[in-house]
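Colleague: From the sequence below, what's the structure:
(chains A and B)
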Amino acid sequence: MAEEGTREPIIELVDVWKIYQMGEVQVKALRGLSLNIYPHEFVAVMGPSGSGKSTLMNMIGCLDVPTKGKVYLENRDISQLHESDLAQIRGQIIGFVFQTFNLMPGLTALENVMLPMTFQGTDRRDREKRGRNLLTLVGLGERMNHKPTELSGGQQQRVAIARALANDPDVILADEPTGNLDSKTGKEVMDMLTQLHEEEGKTIVMVTHDQRLSTYVERIIQIMDGKTTESLNHNRGGIEDDEI
Amino acid sequence: MIEDYFRLAVDGIKQRKLRTWLTMMGVFVGIIAVVSLISLGQGLQKLIDDQFKAVGGDVLIVVPGGKGSFMAGGSGSDIISAKLHQSDLDVIKKVKGIDEAVGIFRSTGTLEVYDKKKSIPVFGLPTDLKSQKSLSKIDLYRVDDGRYIKQGSRYEAQIGVETCSGLDKKPGVGDKIELEGHVFHIVGMNMKTGNPFHDAKVTIPIETGQKIFNKTDEYSLIIVRIQKGFDIDTVGERIEERLRKHRDVSEGEEDFTVQTPQNIVEVFKDIVNMVTLVLSGIAGISLMVGGVGIMTTMYTSVLERTRQIGVMKAVGARNSDILLMFVIEAGLLGLTGGVIGVILGLGMSKAGEYFARIYIEDFSVYVSLELVVGALMFSFIVGCISGYLPARQASKMHPVDALRYR
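Modeller: Predicted structure coming up:
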């Protein structure tokens, strides 16, 4: 990309290893993986199952720390950070969107969106206001007080996207965001992510093995056996064509 | 922020109602025991304390019946067959070191005010000035409003502040009341003592009382005031000795009892303290069992919500947030159990009071704010302590593993 030479990466992995000890066996999930992701990029991480995509996602999302190597997020080396600092980064810089939505079953849509702000100590009134705005933004203005079980899969994923945006993070990590949705609602969710990327300038990293989703992203990072095999620029299909 | 943890904790509890109830039951059984038994015990202690505080430190009381007659139903109770007579009073009056001895008659009568009836304690007091002066030094018999019964009058009465409570009209000084079919003129109002029994009494001249209740030459108790400079215990022993001789009973088989306020209060306090200690032990064990129940529930709850814990961590919850949330949840389990326990415990103690009144008519439970607040705080703390280990386990969960848990 043109910016790569001039811009600092927002996410930088340098020779990252992740080794799990499963009894006697060592499982090397990541084997010296290095990559850069730049601000405002929309990147897909693709690869077969077992290739290490999820482990990579966990590293970027500060849910896990590498066994060896460096992970920089906004120039901070997360492998050196204390658990509470990692939690703070997760809360402020990163927004997660999961395949299985992972909403809190006992809370309403609005309360789910407010949850990340609660952990940041945001004032209740501000939380509620932002929560309402975000749910309206994702088209759920009418269903704020519904529990997750009262919402369809697509609606739940939209609540999850609103929740991911709660603390206005720079990076959105989406782990198979359309994996549990039919193709129509899947497309709606992808359109929403694209919109967030284009209009809000969010950096979006999406893990998927759905080849069809590659048309939405700017760049695809392929992973195989715990290493990046290629990092290619991809001309986004339908969307950019439409724009021209 | 802290109220959000409470909200999340309440949400956690609401997700599993049945289990919550069962867990809380473990707590409230213990709290019921603590609250009801301690309030009964404190009621007893207060009753004794009040009665003797109102009497004063230089006063002895002689009652019919042997040792323990107080426990058997109070002085003047019909259960006790032995009586005190004028001759006993005369003997006491002659004992060295005595300032004044006053015989009092006591019974229960029916009060009628504007067709409404009520059963109240009746006290017959001597109306001569010397006795009246001596009695007025004791709070229980002091008149606050109006005057004392005039010497020689027969149908004058003093009432207590609660004598007419529960009736339609509350007569005051200058009004008339009907007691056991006789009309009395109210001349004075007794000082409020805080003793429900004494505050509800009607005081009439002793001769009238003995006549109405058909108990001529009978005293329910004799109040003895000690002269300054004399030792109360020595005088008490002297009275015992004279009365034994007069009533022709041998030592150890007395049909009367000389009580000093202090020794009775001490004996009772010892008993009550011991009972309280034993009960605290039992309640402590039962609360510990309740605590183990909370711990089990919380471990299950943490396991069930592993994924939710992972999600909360992913959206920015720190370990300390998760820890606090689960500790509060466990604390709330304990507290809710405590609230139920306190309510049921108070109910139990009221029931206890009802049955106790069959034997000790002036008994009422004493519920102190300290007891209620203490019980609630204790149950919350038991909950928090029991929830600490499960909460710690939850807080230490690795977010990746927690999110992967199914």
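
Colleague: quick one: secondary structure of the residue of chain A found nearest chain B?
Modeller: Of all residues in chain A, A:G91 sits closest to chain B, at 2.1 Å by CB to the nearest CB. C-beta coordinates here come from the backbone N, C-alpha and C atoms, glycine included. At A:G91, secondary structure determined by DSSP: H, G, I helix; E, B strand; the rest coil is helix.

Colleague: secondary structure element for B:A356?
Modeller: B:A356 is part of helix B:319-359 when elements are defined by DSSP states H and E.

Colleague: That helix and chain A, are they touching?
Modeller: Yes. For helix B:319-359 and chain A, the contact criterion (CB under 8 Å from any CB of the partner chain) is met by B:319-321.

Colleague: pLDDT-wise, which helix or strand of the chain ranks last?
Modeller: Since you didn't name a chain, this refers to chain A. Within chain A, no helix or strand scores below helix A:238-243, which has a mean of 38 by mean pLDDT, DSSP states H and E.

Colleague: You answered for a different chain; I wanted chain B.
Modeller: For chain B, counting by mean pLDDT, DSSP H and E, that's helix B:69-73 with a mean of 48.

Colleague: The longest helix anywhere in chain B vs helix B:319-359, what angle?
Modeller: The longest helix of chain B (DSSP state H) is helix B:261-304. Interaxial angle, helix B:261-304 versus helix B:319-359 (axes from the mean of the first three to the mean of the last three CA atoms, to 10 degrees): 140 degrees.

Colleague: contacts for the next helix or strand after helix B:261-304?
Modeller: Counting by DSSP H and E, the next helix or strand C-terminal to helix B:261-304 is helix B:306-314. Under the contact criterion CB atoms under 8 Å, 6 or more residues apart in numbering or on different chains, helix B:306-314 has outside partners A:61, A:63, A:87, A:90, A:96, A:98, A:102-105, A:115, A:119, B:302, B:317, B:321-322, B:394, B:397, B:399-406.

Colleague: what about helix B:306-314, average pLDDT?
Modeller: Over the span of helix B:306-314, the pLDDT mean works out to 93.

Colleague: neighbours around B:I309, how many?
Modeller: Other residues near B:I309 come to 23 when the count uses other CB atoms under 10 Å in any protein chain shown.

Colleague: ditto for A:R132
Modeller: 17.

Colleague: circling back to that earlier point, now the residues of helix B:319-359 next to chain A in JSON lines, with pLDDT?
Modeller: As requested, the residues of helix B:319-359 next to chain A are exported to JSON lines (pLDDT from 0 to 100):
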{"residue": "B:N319", "pLDDT": "94"}
{"residue": "B:S320", "pLDDT": "93"}
{"residue": "B:D321", "pLDDT": "92"}
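
Colleague: And the closest residue in space to the residue of chain A closest to chain B that isn't next to it in sequence, how close does it get to A:H197?
Modeller: Spatial nearest neighbour of A:G91, excluding adjacent residues (CB to CB, 6 or more residues apart in numbering or on different chains): B:G316 at 2.1 Å. Per CB to CB, to the nearest Å, B:G316 is found 22 Å from A:H197.

Colleague: Comparing these two, which shows the higher neighbour count?
Modeller: Neighbours were counted for B:G316 and for A:H197 using other CB under 10 Å; B:G316 has more, 28 against 19.

Colleague: Kindly provide the distance from that one to A:L81.
Modeller: For B:G316, the distance to A:L81 equals 14 Å [CB to CB].

Colleague: now do B:S153
Modeller: For B:S153, the distance to A:L81 equals 93 Å [CB to CB].

Colleague: between these two, which one's more packed in?
Modeller: A:L81 (17 against 14).

Colleague: Could you list which residues are in contact with residue 103?
Modeller: Unless you meant another one, I'm taking chain A. A:109, A:112, A:148, A:156, A:159-160, A:163, B:311.

Colleague: that's the wrong chain, I meant chain B
Modeller: Counting by CB under 8 Å, 6+ apart, B:G103 touches B:84, B:86, B:89, B:126, B:206, B:219, B:221-222.

Colleague: did I read that right, it in a strand?
Modeller: Yes. B:G103 forms part of a strand when assessed by three-state DSSP.

Colleague: For it, name its beta-bridge partners.
Modeller: B:G103 has these beta-bridge partners by DSSP bridges: B:I222.

Colleague: Pull out the buried residues from the contacts of B:G103.
Modeller: Restricting these to buried positions leaves B:84, B:89, B:126, B:206, B:219, B:221-222, with burial counted as 16 or more other CB atoms under 10 Å in any protein chain shown.

Colleague: residues in chain A within reach of chain B, list them.
Modeller: Counting by CB under 8 Å from any CB, chain A comes close to chain B at A:58, A:61, A:63-64, A:83-84, A:87-88, A:90-92, A:96, A:98, A:102-107, A:115-116, A:118-121, A:124, A:163, A:166-167.

Colleague: re the thing from before, closest to A:V217 among the contacts of A:L103?
Modeller: Nearest to A:V217 among the contacts of A:L103, counting by CB to CB, is A:A160 at 19.2 Å.

Colleague: quick one, strands of chain B?
Modeller: B:59-64, B:98-113, B:116-125, B:143-146, B:156-159, B:176-179, B:182-190, B:202-205, B:221-226, B:256-259 (DSSP state E).

Colleague: Just name the closest of the contacts of B:G103 to A:V45, please.
Modeller: For the contacts of B:G103, the nearest to A:V45 is B:L221 (94.7 Å; CB to CB).

Colleague: State the distance from the closest one to B:I204.
Modeller: 16 Å.

Colleague: give me the low-pLDDT residue ranges for chain B?
Modeller: Flagging of chain B using pLDDT under 70 yields the residue ranges B:1, B:51-56, B:67-81, B:261, B:263-264, B:361.

Colleague: Right, and chain A sits closest to which residue of it?
Modeller: Nearest to chain A in chain B, going by CB to the nearest CB, is B:G316, at a distance of 2.1 Å.

Colleague: hang on, that residue packs against A:F96?
Modeller: No. Contact criterion CB atoms under 8 Å: B:G316 and A:F96 do not qualify, at 9.8 Å.

Colleague: In contact with A:A109, which residues?
Modeller: Applying CB under 8 Å, 6+ apart, we find A:A109 in contact with A:103, A:135, A:140, A:143-148, A:151, A:159, A:162.

Colleague: and the two most separated of those residues?
Modeller: Greatest spatial distance among those (CB to CB): A:K147 and A:A162, at 15.1 Å.

Colleague: At the geometric centre of chain A, which residue sits there?
Modeller: Nearest to the mean C-alpha position of chain A, counting by CA atoms, centre = their mean, stands A:L173 at 0.6 Å.

Colleague: helix, strand or coil for that one?
Modeller: strand.

Colleague: Can you turn the buried part of the residues of helix B:319-359 next to chain A into a PyMOL selection?
Modeller: Buried members of the residues of helix B:319-359 next to chain A, defined by 16+ other CB under 10 Å, are picked up in PyMOL with:
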select buried, chain B and resi 319+321
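
Colleague: how about the residues of helix B:319-359 next to chain A in CSV, adding distance to A:D182?
Modeller: Listed next are the residues of helix B:319-359 next to chain A as CSV, based on distance: CB to CB, whole Å:
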residue, distance to A:D182
B:N319, 38
B:S320, 41
B:D321, 36
